[in-house]
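# 3D, please:
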Amino acid sequence: MTNLPEPPPRSLELRIDREALAANWRALDRLSGKARAGAAAKANCYGLGVDTCVPVLRDAGARNFFVAHWSEVVGVVGHVPPEQVSVLHGANSADEVAYAQAVGAVPVVNSLHQARRWTEGGGGPCDLMVDTGINRLGVPVSALSEPAIAALDVRVLLTHLSSADEDDPANARQLAAFREARGRVRHREASIANSAGIALGEGYHADLTRPGLALYGGIPRGELSGTIRQVAFPRAAIIQTRDIGAGDAVGYNREFVAKAPMRVATVSLGYADGFLRARGGSHLVSEGRKLALLGKVSMDMVIADITAAPDLRAGEWLDVPFDLPEISAQSGLSQYELLTTIGTRFRR
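Alright, predicted model coming up:
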């Protein structure tokens, strides 16, 4: 059908605190010392929305943005010049090289294969990832003298820490390996630290840091507690309320059975909204009142105990707690998972 009317208001809302987002970038830029902070904008700005977040980060002062996929470039370059966007997965195919050349976004070269592809496709400035111990993406330090690497015009030389969120000897080993790499390949700038790496101190700052999680309210290391502010504030609407009696079961597999009469609310929130079954046993909030969740999370719904809030009716809003370290500890989900699985049904 065509000419459909606008759909009614959504039953899920996600408020993004833009000032908190800007403040987080400024704090991470300050903590980066002599280096400047960039911004990871991959995965739709960790689920919070490129169109919302990139302009805020740009206006706060960010000038380097990092995405993972070429499909993510178009959203970011709507707000910043393409040469400010680096694509972490690099250019593996002729199609990807051609796209990079046409758009002007910068590939992060991760292998000798990608280095040759880039040069054969016309070359130009690129970034170069060196593997110093995570064994994920990157050229080994031992391969940096290869002709394919020497032919590159390397703008930023990068590496990625495997254990920056821990006090692990691997951090110092990777830093030493990266220092060796910096002496073996021509480059204009160097970058090693993600959000957690920034908190490791000056030795890890190099010229450019690459915060991601902490921009959006995550706290990967205790040193950032008290500095990083919550950015995302979800809430969900009540669809229906009902009274149940002692012995009545709630939800799949009758996991919860009422021991006494209760009033419950069915709330528009489920898997596709990032509220996975691991979040069961938690609570929602209405004007400071904690409302326990009952039974299993369903695909599109949860059930809340509103016995202590009998005034609540269908259509009213409940806050979804989203203090990332706290929810991560409660659910066993990583802070990254909590953010990036938020989904698209929220009105932002």
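
# tell me the domain ranges of the protein?
18-224, 232-340 (automatic domain parsing).

# now render those as CSV, adding mean pLDDT and distance to residue 4.
Any C-beta I mention is one placed from the backbone N, CA and C, and that applies to glycine too. Output for the domains of the chain, formatted as CSV (pLDDT from 0 to 100; distance: least, CB to CB, whole Å):
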stretch, mean pLDDT, distance to residue 4
domain 18-224, 98, 23
domain 232-340, 97, 21
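
# could I get those as CSV with mean neighbour count?
Shown next, in CSV, are the domains of the chain (neighbours: other CB atoms under 10 Å):
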stretch, mean neighbour count
domain 18-224, 20
domain 232-340, 17
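
# and the closest residue to residue 213 other than its chain neighbours, what does it touch?
Nearest residue to residue 213 in three dimensions, chain neighbours excluded: residue 195, at 4.8 Å (CB to CB, 6 or more residues apart in numbering). Contacts for residue 195 (CB atoms under 8 Å, 6 or more residues apart in numbering) come out as 28, 211, 212, 213, 214, 215, 218, 220, 224.

# which of those residues fall within helices?
Counting by DSSP state H, the part of the contacts of residue 195 found in helices is residue 28.

# could the contacts of residue 195 go into TSV alongside distance to residue 17?
Shown next, in TSV, are these (distance: CB to CB, whole Å):
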residue	distance to residue 17
28	16
211	17
212	17
213	16
214	14
215	12
218	14
220	19
224	17
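
# and of the contacts of residue 195, the nearest to residue 71?
residue 212 (18.0 Å; CB to CB).

# surely the closest one meets residue 53?
No - with contact defined as CB atoms under 8 Å, residue 212 does not reach residue 53; the gap is 11.1 Å.

# could you check how far the longest strand seen in the chain is from the centre of its chain?
When the chain is parsed with DSSP state E, its longest strand is strand 232-244. Put simply, strand 232-244 sits 26 Å off its chain's centre (CA atoms, centre = their mean, to the nearest Å).

# repeat that for stretch 285-303.
That offset, for stretch 285-303, works out to 25 Å (CA atoms, centre = their mean).

# for stretch 47-63, same thing?
Distance of stretch 47-63 from its chain centroid, counting by CA atoms, centre = their mean, is 13 Å.

# also stretch 211-228?
The answer for stretch 211-228 is 12 Å, by CA atoms, centre = their mean.

# contacts only, for the nearest residue in space to residue 295 that is not next to it in sequence.
Distances taken as CB to CB, 6+ apart put residue 251 closest to residue 295, at 3.1 Å, once the chain neighbours are dropped. By CB under 8 Å, 6+ apart, the residues touching residue 251 are 294, 295, 296, 298, 303.
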